[in-house]
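Chemist: Structure here, sequence nowhere to be found:
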């Protein structure tokens, strides 16, 4: 039980300390989970659209946060945002197969 309390308190503290970063983390995690679902289990286009939309939203949020509030790891955030944008553009271009 103590382990669960530790993780819960860590989660609550991270949401209070830096909410935009937590939202970006959740959106990126959901994008990767939906990509895995699309790739391994169900070859259906809505999972791909939702995954790429989450990735694009997280990338734009990272980019805006990096320009408005510079931090010590802003270069890494920019690289991650570019990778997420590249993935989302690739996923949207892959949707042509379903039309």
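Modeler: Thanks, I have the structure now. What you are looking at is a predicted structure, and each value in this text was computed from that prediction instead of being measured.
Chemist: Check which residues of whichever strand or helix holds residue 21 are buried.
Modeler: Applying DSSP states H and E as the criterion places residue 21 in helix 19-36. Residues of helix 19-36 classed as buried by neighbour count (16 or more other CB atoms under 10 Å): 21, 24, 27-28, 30-31, 34-35. Any C-beta I mention is one placed from the backbone N, CA and C, and that applies to glycine too.
Chemist: any chance of these in a markdown table, with pLDDT too?
Modeler: Shown next, in a markdown table, are these (pLDDT from 0 to 100):
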| residue | pLDDT |
| --- | --- |
| 21 | 87 |
| 24 | 91 |
| 27 | 94 |
| 28 | 93 |
| 30 | 94 |
| 31 | 93 |
| 34 | 90 |
| 35 | 88 |
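Chemist: Can you convert these into CSV and add a column each for distance to residue 12?
Modeler: Shown next, in CSV, are these (distance: CB to CB, whole Å):
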residue, distance to residue 12
21, 14
24, 17
27, 19
28, 20
30, 20
31, 23
34, 25
35, 28
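Chemist: from the residues you listed, which single one is nearest residue 46?
Modeler: Proximity of these to residue 46 (CB to CB) peaks at residue 34, which lies at 9.2 Å.
Chemist: Test my guess that the closest one contacts residue 51.
Modeler: Yes: using CB atoms under 8 Å, residue 34 is in contact with residue 51, at 3.7 Å.
Chemist: neighbours of residue 64, just the number please.
Modeler: Residues near residue 64, counting by other CB atoms under 10 Å, number 12.
Chemist: what do you get for residue 58?
Modeler: Residue 58 has 24 nearby residues by other CB under 10 Å.
Chemist: separation between it and residue 91?
Modeler: From residue 58 across to residue 91, the span is 13 Å (CB to CB, to the nearest Å).
Chemist: returning to what we had before: what lies in contact with the helix holding residue 21?
Modeler: 14-15, 47-48, 50-52, 54-55, 57-58, 61-62, 65, 84, 87, 91 (CB atoms under 8 Å, 6 or more residues apart in numbering).
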